[in-house]
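[1] Please find the sequence and the predicted model below.
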2 protein chains.
Amino acid sequence: MEPETSPPRLRIRIVFGEDEIMGPGKAELLERIGRCGSIAAAGREMNMSYKRAWSLIGTMNAMFSAPVVESTRGGAGGGGAVLTDRGRDVLALYRQFEADAAKAGSPRLDALSRMMTDMPGGK
Amino acid sequence: MEPETSPPRLRIRIVFGEDEIMGPGKAELLERIGRCGSIAAAGREMNMSYKRAWSLIGTMNAMFSAPVVESTRGGAGGGGAVLTDRGRDVLALYRQFEADAAKAGSPRLDALSRMMTDMPGGK
């Protein structure tokens, strides 16, 4: 009988060169900006300060060879932000990488899960 | 012509249940304990306090259904520590998971690398 457990989740940081990192926080921020159309609102949803959200976007805009987010100035609402094509590509590749990793590694993840104390399948 | 770049590295945290995490720091600590035969020495090599190293070992010993490290008391040197079979299995599975993930995801990693600013292949 299979144990009923939620599968382990992955938090993957991809480190390019010395210290350029693409990880779960940046991916979630991009995703939420795409949905909210606003860096401030996306940050709030993640309990992240406006300053921190802007800083992460700045890091990504410098890290990739084209900006991942563009702010749209002016308008009644004071402007918003949109994901660029590059931003959508980076996010999609990161999510696909996560999915590929989880799928390829699932036998190892299962084996590790069975070694945990509080898993129904553990012993 | 292929760009000459070192491949991206992965730092993967596997989150079991609510908040039980197996990640790169714990893996490295296990590896070094296996090599040094001492928690203190392994921690020092990682610039980790003795207290922190013991705390990580305690977390792992509680998280898995058998201890991953056993301390060997007594003797002239004041005792050391050894990886248990469980510790070796956990470490091996984690390293194999990393390798599986990197291999399966390598097309996505390459695509992301090509989008970086300072990669020779980027544009």
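    All right, it came through fine.
[2] Nearest the geometric middle of chain A, what residue?
    Centroid-nearest residue in chain A, with C-alpha atoms, centre = their mean: residue A:27, separated by 2.3 Å.
[3] Tell me where the longest strand sits in chain A.
    strand A:9-16 (DSSP state E).
[4] that older thread, did I read that right, the residue nearest to the centre of chain A in a helix?
    Yes. Assessed by DSSP: H, G, I helix; E, B strand; the rest coil, residue A:27 belongs to a helix.
[5] Ramachandran angles for the closest residue to it other than its chain neighbours?
    Distance criterion C-beta to C-beta, 6 or more residues apart in numbering or on different chains; nearest residue to residue A:27, sequence neighbours excluded, is residue A:94 at 4.9 Å. (C-beta placed from N, C-alpha, C; glycine too.) Backbone torsions of residue A:94, given as degrees, to the nearest 10, read phi -60, psi -50.
[6] Likewise for residue A:21?
    Dihedral angles (degrees, to the nearest 10) for residue A:21: phi -120, psi 130.
[7] try residue A:83
    For residue A:83, the backbone dihedrals (degrees, to the nearest 10) come out as phi -70, psi 140.
[8] Who does it form a beta bridge with?
    Judged by DSSP bridges, the bridge partners of residue A:83 are residue A:69.
[9] wait, what's in contact with the residue nearest to the centre of chain A?
    Neighbouring residues of residue A:27 by C-beta atoms under 8 Å, 6 or more residues apart in numbering or on different chains: A:91, A:94-95.
[10] Of these - the most surrounded one?
    Within the contacts of residue A:27, most neighbours by other C-beta atoms under 10 Å in any protein chain shown means residue A:94, with 23 neighbours.
[11] hang on, it packs against residue B:111?
    No. Using C-beta atoms under 8 Å as the test, residue A:94 is too far from residue B:111 to be in contact (10.3 Å).
[12] got the angle for the longest strand of chain A vs strand B:9-16?
    Counting by axes from the mean of the first three to the mean of the last three C-alpha atoms, to 10 degrees, strand A:9-16 lies at 170 degrees to strand B:9-16.
[13] Check which residues of strand A:9-16 are buried.
    Under the neighbour-count criterion of 16 or more other C-beta atoms under 10 Å in any protein chain shown, strand A:9-16 has A:10, A:12-14, A:16 buried.
[14] What about chain B: which of the residues you listed touch it?
    Under the cut-off given by C-beta under 8 Å from any C-beta of the partner chain, chain B has A:10, A:12-14, A:16 from the buried residues of strand A:9-16 close to it.
[15] now those in CSV, with pLDDT?
    What follows is these, written out as CSV (pLDDT from 0 to 100):
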residue, pLDDT
A:10, 96
A:12, 98
A:13, 97
A:14, 97
A:16, 93
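[16] Looking at these, which is nearest chain B?
    Nearest to chain B out of these is residue A:13 (C-beta to the nearest C-beta; 4.1 Å).
[17] Quick check: the gap between the closest one and residue B:6.
    As judged by C-beta to C-beta, to the nearest Å, residue A:13 and residue B:6 stand 16 Å apart.
[18] Which neighbouring elements make contact with the lowest-mean-pLDDT helix or strand in chain A?
    Lowest on mean pLDDT, DSSP states H and E among the helices and strands of chain A sits strand A:69-72, with a mean of 90. Applying 3 or more C-beta pairs under 8 Å, 6 or more residues apart in numbering or on different chains; DSSP states H and E, we find strand A:69-72 packed against helix A:50-63, strand A:80-83.
[19] swap the cut-off to 7 Å and go again
    The contact analysis (3 or more C-beta pairs under 7 Å, 6 or more residues apart in numbering or on different chains; DSSP states H and E) places strand A:69-72 against strand A:80-83.
[20] In the strand it packs on, which residues are buried?
    A:80-81, A:83.
[21] is it possible to export these to TSV including distance to residue B:58 and pLDDT?
    Shown next, in TSV, are the buried residues of strand A:80-83 (distance: C-beta to C-beta, whole Å; pLDDT from 0 to 100):
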residue	distance to residue B:58	pLDDT
A:80	47	90
A:81	44	93
A:83	43	96
